[in-house]
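Chemist: No letters, just coordinates:
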């Protein structure tokens, strides 16, 4: 299974942008890059995903490197509610449901 | 849409007792996943189903664990007999169909404590 590498933890000040990096040097051509986050005492929730191009939605932006070996999740203005564990995972291939493996993720702390 | 519904929210039991966790996936979703989360091992995939059929159960820790999906709207994860090391949060998730564009939707989890 293709794996991802993320920093264990990061800190951000409230209302400042946050850039959460993810390395996935063994990504294959059909792997999508997905980000989930897990708030305290809740199940993981979907944040954003992409294949090759940068993506934006109401929650965040995803910047994907040209060689697709790394990506960055961007929270434009961190709020206290964004304190969570953020997981970067490579999603299932089109023809079969590969295992969706969650790594340790990045624990984001937001400082008021 | 009510989302993925898990019950109970919390379960406290004694070692040796049978434990049954329940999950109702989102209507129309063809895939259902059971995950376990602990501080030491993080989120582990235990088993997943497609159209009620188990596809991969290689993550099930041992024979004490079993999972069933009798119909498209209900799944159970059973531990018999339970042991203290089974204490964890168990999550159920569902999704519509395979493909990189699909999202996983998680339930709120069941916090299991085995004394």
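Modeler: Cool, the structure landed. Everything numeric in this text was worked out from a predicted model, so none of it was measured. Residues are numbered from 1 along each chain as shown, chains lettered A, B, ... in the order given.
Chemist: Which residue, other than its chain neighbours, is closest to residue B:23?
Modeler: Excluding the flanking residues, the one nearest residue B:23 by C-beta to C-beta, 6 or more residues apart in numbering or on different chains is residue B:92, at 3.4 Å. All C-beta atoms are positioned from the backbone trio N, CA, C, and that covers glycine.
Chemist: residues from chain B in reach of chain A?
Modeler: Contact residues (C-beta under 8 Å from any C-beta of the partner chain) of chain B with chain A: B:4, B:31, B:33, B:35, B:42-43, B:45, B:48, B:50, B:55-56, B:59, B:91, B:93, B:98-109.
Chemist: filter the residues you listed to the buried ones?
Modeler: Buried by 16 or more other C-beta atoms under 10 Å in any protein chain shown: B:4, B:31, B:33, B:35, B:42-43, B:45, B:48, B:56, B:59, B:91, B:93, B:98, B:100, B:102-109, out of those.
Chemist: which ones among those residues are found in strands?
Modeler: Residues of those located in strands (DSSP state E): B:31, B:33, B:35, B:42, B:43, B:45, B:48, B:56, B:91, B:93, B:105, B:106.
Chemist: so which of those residues comes closest to residue A:7?
Modeler: The closest of these to residue A:7 turns out to be residue B:42 (C-beta to C-beta; 15.1 Å).
Chemist: Skipping adjacent residues, who's closest to the closest one in space?
Modeler: Residue nearest to residue B:42 in three dimensions, not counting chain neighbours: residue A:104, with 5.4 Å by C-beta to C-beta, 6+ apart.
Chemist: swap in residue B:21?
Modeler: Spatial nearest neighbour of residue B:21, excluding adjacent residues (C-beta to C-beta, 6+ apart): residue B:77 at 4.5 Å.
Chemist: Over to residue A:3?
Modeler: Closest residue to residue A:3 apart from its sequence neighbours, by C-beta to C-beta, 6+ apart: residue A:26 at 6.5 Å.
Chemist: Distance of the one you found relative to residue A:53?
Modeler: Going from residue A:26 to residue A:53 by C-beta to C-beta, to the nearest Å gives 21 Å.
Chemist: So those two - more neighbours on which side?
Modeler: Between residue A:26 and residue A:53, counted using other C-beta atoms under 10 Å in any protein chain shown, residue A:26 has the larger neighbour count: 12 against 8.
Chemist: Need the three-state assignment for the more buried one.
Modeler: Of the three states, residue A:26 takes coil under DSSP: H, G, I helix; E, B strand; the rest coil.
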